[in-house]
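Student: Sequence and predicted structure are below.
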Amino acid sequence: MIAFIVMIMAYYFARIIIDKANKKLDPEKRAELFDIFSSGNKLTMITTVVIIAGFFLSLRFQVLDPLITYIIYMLALFSFMIFKVINGHKKLQEFAYPKEYIYSFLFSSGIRFFGILFFCGLIMMDVLG
């Protein structure tokens, strides 16, 4: 339960940071954000569903040892998150967003990453028992 609360709090604080950064952008740049990131939303959703479904199917059908399945799941999840942050950073630079906004984007991404890492770490400790 603590792991879940920390993860939710991390996402909440990351959202506050990015919302404050969005308010500092002029309306044109704010609208441009939607155009920049909306093209990857379908791919993000599909990739996330595949990772989660693969995890649960592997556990359900005992394809691998649960610990191995969990490690693979965590690595896939963290790799995907890192890819999304790097890709987002490149897009923000490409479209000449202010450095302050890019720093806020990276900082909020780091907070979300910490929340997921903390959550997965505590779950892993529980699995290892």
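Tutor: Everything's here; your move.
Student: rest of the way, CA atoms for contacts and neighbours
Tutor: Will do.
Student: isn't Ile17 right up against Ser104?
Tutor: Yes. Contact criterion C-alpha atoms under 8 Å: Ile17 and Ser104 qualify, at 6.5 Å.
Student: So in this structure, where's the weakest helix or strand by average pLDDT?
Tutor: The helix or strand of the chain with the poorest confidence is helix 41-60; it has a mean of 89 (mean pLDDT, DSSP states H and E).
Student: Give me the contact list for that helix.
Tutor: The contact list for helix 41-60 (C-alpha atoms under 8 Å, 6 or more residues apart in numbering) reads 64, 66, 69-70, 73, 76-77.
Student: Drop anything exposed from these.
Tutor: 69-70, 73, 76-77 (16 or more other C-alpha atoms under 10 Å).
Student: Please name the nearest non-neighbouring residue to the residue nearest the centre of the chain.
Tutor: Nearest residue to the geometric centre of the chain (C-alpha atoms, centre = their mean): Met81, 4.6 Å. Counting by C-alpha to C-alpha, 6 or more residues apart in numbering, Met81 lies nearest to Phe113, which is 7.6 Å off, once chain neighbours are set aside.
Student: how much space between the one you found and Arg15?
Tutor: 13 Å (C-alpha to C-alpha, to the nearest Å).
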